[in-house]
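S.K.: turn this into a structure:
(one chain, ligands or ions: 3)
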Amino acid sequence: MLVRLCLRRRCTPHYSTRLIHSEREVRKDPRWPGYEVVIGIETHAQLKSRQKLFSHALTSGPKDTPNTNVSVFDAAFPGTLPKLNPKCVDLGLRASLALKCEIQKRSSFDRKHYFYSDLPSGFQITQQYAPLATNGSLEVHLPDQPKSVRVRIKQLQLEQDTAKSTFHPRTLTSQIDLNRAGTGLMEIVSEPDLRSPEEAGAYVRTLQAILRAVGASDGNMEEGSLRCDVNVSVNRIGEPFGTRCEIKNLNSVKFMMAAITSEIRRHIDILNSPTPVVAQETRGFDENTFETFKLRSKEDAPDYRYMPDPNLGTLLLSEERIQVIESTMPELPWQIRQRLITSYGLSERNVDTLLKLDSAKDVPLDGDTTAAQGPIQYFDTLCEGKRRDPKVVFNWMAHELLGQLTARKQTFQNNTLSTQQLAELIDLVQEKQLTGTSAKYLLRHILSNPNTKSTREVAEEQQLLSFPPTSPPPTSSTAGVTPEAENEGALDDVVLRAMAAMPKEVEALRAGRMGVMNKIVGWVMRESRGRADAKSVKEQIERLLERR
Ligand SMILES: Nc1ncnc2c1ncn2[C@@H]1O[C@H](COP(=O)(O)OP(=O)(O)OP(=O)(O)O)[C@@H](O)[C@H]1O
Ligand SMILES: [Mg+2]
Ligand SMILES: [Mg+2]
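M.R.: Numbers count the residues shown, from 1 in each chain. Ligands and ions are numbered 1, 2, ... in the order given. Below is the predicted model of the structure:
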């Protein structure tokens, strides 16, 4: 075992710290002129599995009563053995494929030893030496930046989560909740390819969206199912990478970006000082001062005494198993992005809006993504190929529908408006049978009174169908005419009434003072409750003036 250990230690890959600096593309930042910031992130994401990694106990949520989902193995009773949960492996594989990693057909588990009250067995089972997947990549898009940043993924490994300890300073006691002990996690380690707090934030958001899209994790930072350790170093431009400091356990993108900014400033202050030597440290982030603080230096770093777990064999993966997973992968956010831009001509900004909505959709446990009908599918259905103008569809969906939902404190997941109903509403507006104002009212009405009726039916019930855009010469009688002609007659009628009600304004118009036109149009719009088309009303007034 010793021999194996030594060999493995030597095999651990090195980072590109030794890259000759001229090979590196430097992204300059006016906030710290002359310096280059280098960031690498270790992300711990909870696997969206019903059961834990090595036991039958259920994975807990934040609302579960403490110490209720604990098997004897999770509590480290002597003689209990781990049994690898295949669902967790499948979820790890989904994430690995989405991150374009090379899946390792042979991987194994190691024990990482340390003593702390939240670790009942005194070691954590992880994949230190032979991880599940290696050498992946993730394209990160930053708003308002034309070029994306490619972040290499060094490895993805499966590991256990620890229990949760809560310290009470008043009584100087700690409470331990074993619900989390043994929950399946994946650690996703990036190469040091990020160059600013914003890039780091965008990386975590992109990763979060991808993990959610494939159902591997719900990536909820507030609830602790996605946590980051951030490594930051600073060097003078043209020089090799600086010494990294690792900031542990960041659980919000905002705090992560603040922690990086504070750390960059600290490194630069040291580099500008008479003793410009940054010490390698593990640091924490103080959410009150928005500054990082020292937890331990490299010299104090624990020796984890890694060893292969003797109770777990090699994890062997067949090509068939990988192919089955591959065949059930949904379209990934970056693939959706490309498709929406190239086939619908949407802007990056509009695509971002749809992708953000999509990443918030609820994916069921254990990664079954087939059931979830997300906003992208909703958008695709509305466009019907390109039968409807994608930009018009986007506007109705992202601005009007979402705006209404937000006003009701709802999300897209609460949407009761079917694609047929919204499609018909868009068509009625395009055909000028509904004015924009009436359509918005109708949308609000259907959302308040969810039903399965067609939009035209509800529009008729609510008397919202428009007066026609153009009008024939006035008729003496409307008896026996079609509904359209009746509408046309109705528009003439309102316009005539408006002119009769405002003789002074009509005189002004005849005298060429066109400024009063809006007053008459406004009267007609009010009288028709927004159903008339303002341009048609204006044209109709002009026609009637000419005739008299
Ligand atoms: N010079 C550097 N500047 C910033 N980040 C770096 C630098 N060199 C390496 N990194 C990043 O540090 C991280 C190292 O993570 P890794 O899991 O391999 O090791 P570790 O932090 O030593 O171990 P542990 O998992 O126990 O925390 C990676 O994300 C890598 O990109
Ligand atoms: Mg790590
Ligand atoms: Mg680390």
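S.K.: quick check: residues of this protein near ligand 1?
M.R.: Within the chain, the positions adjacent to ligand 1 are 15, 17, 38-42, 189-192, 229, 231-233, 241, 244, 246 by C-beta under 6 Å from any ligand atom. To be clear about C-beta, it is placed using only N, CA and C from the backbone, and glycine gets the same treatment.
S.K.: mind running it again at 8 Å?
M.R.: Proximity of the chain to ligand 1, by C-beta under 8 Å from any ligand atom, involves residues 15, 17, 38-42, 112, 154-155, 187, 189-193, 229, 231-233, 241-244, 246, 304.
S.K.: of these, buried ones?
M.R.: Buried residues within the residues of the chain next to ligand 1, defined by neighbour count using 16 or more other C-beta atoms under 10 Å: 38-42, 112, 154-155, 187, 189-193, 229, 231-233, 241-244, 246.
S.K.: take those and keep only those in strands.
M.R.: Within these, residues falling in strands by DSSP state E are 38-42, 112, 154-155, 187, 189-190, 229, 231-233, 246.
S.K.: which ones, among the residues you listed, also lie beside ligand 3?
M.R.: The subset of those within reach of ligand 3, by C-beta under 5 Å from the ion, is 42, 229.
S.K.: what's the farthest-apart pair in the ones in strands among the buried ones among the residues of the chain next to ligand 1?
M.R.: By the measure C-beta to C-beta, V38 and K112 form the most distant pair in these, at 25.7 Å.
S.K.: where in the chain is pLDDT low?
M.R.: Within the chain, the stretches with pLDDT under 70 are 1-23, 362-365, 367-373, 467-490, 547-548.
S.K.: how about the residues of it by ligand 3?
M.R.: The chain comes close to ligand 3 at residues 42, 229, as judged by C-beta under 5 Å from the ion.
S.K.: break the protein down into its domains, please.
M.R.: 41-320, 330-461, 483-547 (automatic domain parsing).
S.K.: out of the ones you listed, which one sits most buried?
M.R.: Stretch with highest mean neighbour count among the domains of the chain: domain 41-320 (a mean of 18; mean count of other C-beta atoms under 10 Å).
S.K.: in the stretch 351-500 of the chain, which residue sits closest to ligand 1?
M.R.: In the stretch 351-500 of the chain, no residue comes nearer to ligand 1 than S359, which is 22.8 Å away by C-beta to the nearest ligand atom.
S.K.: let me see the contact set for the residue nearest to that residue when sequence neighbours are not counted.
M.R.: Closest residue to S359 apart from its sequence neighbours, by C-beta to C-beta, 6 or more residues apart in numbering: A209 at 3.7 Å. Neighbouring residues of A209 by C-beta atoms under 8 Å, 6 or more residues apart in numbering: 219, 333, 355-356, 358-359.
S.K.: repeat for H56
M.R.: For H56, the contacting residues are S71, by C-beta under 8 Å, 6+ apart.
S.K.: so how far is E159 from the residue lying closest to P192 once chain neighbours are set aside?
M.R.: The spatially closest residue to P192, leaving aside those adjacent along the chain, is G40, at 3.7 Å (C-beta to C-beta, 6+ apart). Separation of G40 from E159 (C-beta to C-beta, to the nearest Å): 18 Å.
S.K.: and the residue nearest to S359, which of the three is it?
M.R.: With DSSP: H, G, I helix; E, B strand; the rest coil as the basis, A209 sits in helix.
S.K.: from ligand 1, how far off is it?
M.R.: 20 Å (C-beta to the nearest ligand atom, to the nearest Å).
S.K.: can you tell me how far that residue sits from L91?
M.R.: 16 Å.
S.K.: same check on L434?
M.R.: From L434 to L91 the distance is 46 Å (C-beta to C-beta).
S.K.: can you check T126 too?
M.R.: For T126, the distance to L91 - C-beta to C-beta - is 16 Å.
S.K.: check T162 too.
M.R.: 19 Å.
S.K.: try A163
M.R.: A163 is 22 Å from L91, by C-beta to C-beta.
S.K.: just S528 next, same as before
M.R.: In this view, S528 and L91 are 57 Å apart by C-beta to C-beta.
S.K.: ok, now T353?
M.R.: 28 Å.
S.K.: same thing with R296?
M.R.: Taking C-beta to C-beta, one finds R296 at 32 Å from L91.
S.K.: now R266
M.R.: In this view, R266 and L91 are 37 Å apart by C-beta to C-beta.
S.K.: who touches stretch 332-340?
M.R.: 98, 139, 141, 206, 209-210, 213-214, 331, 346, 350-351, 354-355, 358-359, 376, 379.
S.K.: nope, stretch 343-357 is what I meant
M.R.: Residues outside stretch 343-357 that contact it (C-beta under 8 Å, 6+ apart) are 141, 143, 209, 333, 336-337, 340-341, 374-376, 379, 383, 386, 390-391, 394, 398, 402, 412.
S.K.: of the residues you listed, which belong to helices?
M.R.: If you go by DSSP state H, the contacts of stretch 343-357 have 209, 333, 336-337, 340-341, 375-376, 379, 383, 390-391, 394, 402 in helices.
S.K.: could you dump the residues you listed into a markdown table and include distance to E291?
M.R.: Formatted as a markdown table, those follow (distance: C-beta to C-beta, whole Å):
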| residue | distance to E291 |
| --- | --- |
| A209 | 30 |
| P333 | 34 |
| I336 | 39 |
| R337 | 36 |
| L340 | 41 |
| I341 | 41 |
| P375 | 39 |
| I376 | 40 |
| F379 | 43 |
| C383 | 49 |
| P390 | 47 |
| K391 | 46 |
| F394 | 42 |
| L402 | 38 |
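S.K.: may I ask which two of the residues you listed are separated the most?
M.R.: Largest pairwise distance in the ones in helices among the contacts of stretch 343-357, by C-beta to C-beta, is 23.3 Å, between A209 and K391.
S.K.: so K52 sits against V70, correct?
M.R.: No: in this structure, K52 is not within contact of V70 by C-beta atoms under 8 Å, at 9.3 Å.
S.K.: out of the ones in strands among the buried ones among the residues of the chain next to ligand 1, which is nearest to P308?
M.R.: K112 (11.4 Å).
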